[in-house]
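> quick one, fold the following:
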Amino acid sequence: MKAFTPDSSIASDVIPSPNYGERNNGRAPDMILLHYTGMPDVEGAIAQLCTPGTDVSAHYIVLEDGRIVQCVPEAKRAWHAGVSSWAGEDDINSCSIGIEIVNRGHDWGYPDYPLRQIAAVIALCRGIMLRRNIAGHRVLGHSDVAPSRKKDPGEKFPWHSLANSGVGHWVQPAPIVRGELMQLGSISDDVMNMQTAFAKYGYGIPVTGKYDGATMEVVSAFQRHFRPAKIDGVCDRSTMETLHALLASLPAEAVNMATK
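This is a model prediction of the structure:
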């Protein structure tokens, strides 16, 4: 790809990636998907996203010092989500703008995100949301749309700070207390109701009434994003109360869309 004018006024550099295509059926992006790079250094991460033949890319890369690099124009379909789904939609690349946040990730020590980097992510997201009319609940993590494969941006990512600045959807997590819980192997109507609630929020989860491995992966992904104090894939009272609070604060049309 030739050099292009960045969509965001706060992008400091353009490093064009050849790994992109057209959005299917002219789909306009209405989601922002946040990732971490998950590589030991920034040079390797940029090379991975911008080299022909790697088949991966993102629209933006946010460096640790807060600099923002754009690699694919927002109008194009970057290749960042992989096999994924949300609210019944399985071509997440066509409906989303992908932001890679430089962080070594779980496989390389998983450091904290610097404040300057998070401030840049917030500013970038706010601009995209304004330009593209993207709702807060459509700002998600890679682990939300691909819970069986991904952990990023992970439990250290400060979703609450983003929400305080108008980016994303967040409620204060319900306190962790002793009590009834659902876990791997459980079969009941309660499990079916729990799966239905996760599906209403948007997670790709089979509603079977059986607490299987796929259900545990979704619960873990939800906890990683919305209840990061304890990530064990066990659906306890805190997890369910947090989920129901999120559902209650969603626009009605968002819940309907998630259950089509």
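
> mind listing the strands in the stretch 51-200 of the chain by residue range?
60-62, 68-70, 77-78, 96-101, 139-141 (DSSP state E, counting those that start in this stretch).

> poorly predicted segments of the chain, please.
For the chain, the stretches with pLDDT under 70 are 256-260.

> quick check: buried residues in the longest helix along it?
Ranked by residue count and defined by DSSP state H, the top helix of the chain is helix 115-132. For helix 115-132, the neighbour count (16 or more other Cβ atoms under 10 Å) marks 117-118, 120-125, 128-129, 132 as buried. From N, CA and C alone the C-beta is placed, and that goes for glycine too.

> return the member of those residues nearest to Ala254.
Met129 (14.8 Å; Cβ to Cβ).

> and the closest one, what does it touch?
Applying Cβ atoms under 8 Å, 6 or more residues apart in numbering to Met129 gives the contacts 32, 135-136, 139, 166-167.

> likewise Asn19?
Asn19 touches 49-50, 52, 54-57, 72, 78-79, counting by Cβ under 8 Å, 6+ apart.

> swap in Ser249?
169, 171.

> measure it to Glu43 for me?
41 Å (Cβ to Cβ, to the nearest Å).

> likewise Thr208?
Thr208 is 45 Å from Glu43, by Cβ to Cβ.

> before we move on, what about Arg227?
Where Glu43 is concerned, Arg227 sits at a distance of 35 Å (Cβ to Cβ).

> more neighbours, those two?
Neighbour count, other Cβ atoms under 10 Å: between Arg227 and Glu43, Arg227 has more, with 22 against 9.

> surely Asn176 touches Glu241?
Slight slip there: residue 176 is Ile, not Asn. No. Taking contacts as Cβ atoms under 8 Å, Ile176 lies outside contact range of Glu241: 10.2 Å.

> the two: which is more packed in?
It is Glu241, of Ile176 and Glu241, that has more neighbours when counted by other Cβ under 10 Å, with 16 against 13.

> what number of residues lie near the nearest residue to that one once chain neighbours are set aside?
Nearest residue to Glu241, sequence neighbours excluded (Cβ to Cβ, 6 or more residues apart in numbering): Ala174, at 3.6 Å. For Ala174, the neighbour count with other Cβ under 10 Å is 18.

> tell me the contacts of Ala174?
227, 237-239, 241-242, 245 are the contacts of Ala174 under Cβ under 8 Å, 6+ apart.

> wait, which of the residues you listed is closest to Ala11?
Nearest to Ala11 among these is Arg227, at 33.0 Å by Cβ to Cβ.

> any idea how far Glu155 is from Gly21?
Counting by Cβ to Cβ, the gap from Glu155 to Gly21 is 32 Å.

> what do you get for Arg227?
Taken as Cβ to Cβ, the span from Arg227 to Gly21 is 36 Å.

> for Tyr203, same thing?
Taking Cβ to Cβ, one finds Tyr203 at 26 Å from Gly21.

> more neighbours: these two, which one.
Taking other Cβ under 10 Å, Tyr203 and Gly21 do not tie; Tyr203 has more neighbours (23 against 13).

> shouldn't Phe222 be in contact with Gly202?
No. Between Phe222 and Gly202 there is no contact under Cβ under 8 Å: 10.4 Å.

> I appreciate the help and will end here.
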